[in-house]
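Kindly generate the corresponding structure for this input.
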Amino acid sequence: MAALLRKIPEADVGHAIGLFRDNYENERRTVFCGNGGSAATASHLPADFQKNMFLHSGKPWEILSLVDSVPLLTAWSNDTDYANVFAGQVRTWVRPGDLLVAISGSGNSPNILAAVEAASEIGAVTLGWSGFGGGLLAQKAQHNIVIHSDNMQMVEDAHMVIGHLIYSALRDTLPQTSADE
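Sure, this is the predicted structure:
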């Protein structure tokens, strides 16, 4: 894992940190989506960002995961198509200038690609996290972090590490509230 993480361009991670920082400072919403193990990452990271950034700085952040409502996921997939489970929600929650973090280990998940397309139509900023050479996600998202591995578990682990790195970098550059000191 250490060798894999060293292969990720620091500039790509630094750019992602800048996207998150801009989003937070300008009070824009951040929305995550992903499938399978990537869904777990897309659910876990908003909890870290939302709660801990508020506890650290005292400033709330509208940050959420599109994977957390099973009734909504099944309604979209049953009533339309599984490829729409996130795009429909993007059209509800994402506004121009917001940040969509789309996570797909393969980079080719149809529902992740549809979410990116919907977010782009709205005028949101799209950040793709993928592996396996990036897939179509690396072509469709405006910004990308590609894990250069064909091992899905390593890709998923690297995505979680990147999320925690981004969170830590943001936290460490913001002033603390008096309750946190």
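
got the buried residues for the helix or strand harbouring S43?
The secondary structure element spanning S43 is helix 36-57 (assigned by DSSP states H and E). Within helix 36-57, the residues that qualify as buried are 37-43, 45-46, 48-50, 52-53, 56-57, counting by 16 or more other CB atoms under 10 Å. Backbone N, C-alpha and C define where each C-beta goes, glycine included.

And for stretch 119-127?
Taking 16+ other CB under 10 Å as the basis for neighbour counts, the residues of stretch 119-127 that come out buried are A119, S120, I122, A124, V125, T126, L127.

likewise stretch 80-93?
Within stretch 80-93, judged by 16+ other CB under 10 Å, the buried ones are Y82, A83, N84, V85, F86, A87, G88, Q89, V90, W93.

where does N144 land in three-state SS?
With DSSP: H, G, I helix; E, B strand; the rest coil as the basis, the three-state label of N144 is strand.

Dig out what it forms beta bridges with.
Listed by DSSP bridges, the beta-bridge partners for N144 are G128.

Would you confirm that it contacts L127?
Yes: under the contact definition of CB atoms under 8 Å, N144 touches L127, with a separation of 7.2 Å.

Which is the succeeding secondary structure element to the helix holding S43?
Next in sequence after helix 36-57, counting helices and strands by DSSP H and E, comes strand 63-65.

How far off centre is that following strand?
The chain centroid and the centroid of strand 63-65 are separated by 9 Å, computed with CA atoms, centre = their mean, to the nearest Å.

Pairing partners for it, with directions?
Applying DSSP bridges, strand 63-65 is found paired with strand 30-34 (parallel).

Report the angle between the partner strand and helix 36-57.
Using axes from the mean of the first three to the mean of the last three CA atoms, to 10 degrees, the inter-axis angle of strand 30-34 relative to helix 36-57 is 160 degrees.

could you measure N144 against Y167, distance?
Distance of N144 to Y167, computed by CB to CB, to the nearest Å: 19 Å.

What are the boundaries of the helices in this structure?
Along the chain, the segments classed as helices by DSSP state H run 2-6, 10-25, 36-57, 70-79, 87-93, 110-122, 137-140, 152-173.

Tell me which residues are up against stretch 111-128.
Contacting residues not belonging to stretch 111-128 are listed as 16, 19, 23, 31, 33-35, 66, 82-91, 94-104, 107, 134, 136-138, 140-145 [CB atoms under 8 Å, 6 or more residues apart in numbering].

I should have written stretch 35-47 there, sorry.
The list of residues contacting stretch 35-47 from outside it, by CB under 8 Å, 6+ apart, reads 30, 32-34, 63-68, 101, 103-105, 109, 111-112, 129, 152-153, 156, 159-160, 163-164, 167.

about what we covered before: export the helix holding S43 as PDB, just CAs?
This file holds the C-alpha atoms of helix 36-57, laid out as PDB (Å, rounded to 0.1, in the frame of the first residue of the first chain):
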ATOM      1  CA  GLY A  36     -19.800  -1.500  -3.200                       C
ATOM      2  CA  GLY A  37     -16.600  -0.800  -1.300                       C
ATOM      3  CA  SER A  38     -16.600   2.700  -2.800                       C
ATOM      4  CA  ALA A  39     -20.100   3.200  -1.400                       C
ATOM      5  CA  ALA A  40     -18.600   2.500   2.100                       C
ATOM      6  CA  THR A  41     -16.000   5.200   1.500                       C
ATOM      7  CA  ALA A  42     -18.600   7.600   0.100                       C
ATOM      8  CA  SER A  43     -20.600   7.000   3.300                       C
ATOM      9  CA  HIS A  44     -17.700   7.100   5.800                       C
ATOM     10  CA  LEU A  45     -15.900  10.300   4.600                       C
ATOM     11  CA  PRO A  46     -18.900  12.700   4.900                       C
ATOM     12  CA  ALA A  47     -19.200  11.700   8.500                       C
ATOM     13  CA  ASP A  48     -15.500  12.700   9.100                       C
ATOM     14  CA  PHE A  49     -15.700  15.900   7.200                       C
ATOM     15  CA  GLN A  50     -19.100  17.200   8.400                       C
ATOM     16  CA  LYS A  51     -18.700  16.400  12.100                       C
ATOM     17  CA  ASN A  52     -15.000  17.000  12.600                       C
ATOM     18  CA  MET A  53     -14.700  20.200  10.600                       C
ATOM     19  CA  PHE A  54     -17.600  21.600  12.600                       C
ATOM     20  CA  LEU A  55     -16.000  20.500  15.900                       C
ATOM     21  CA  HIS A  56     -12.600  21.900  14.800                       C
ATOM     22  CA  SER A  57     -13.700  25.200  13.300                       C
END
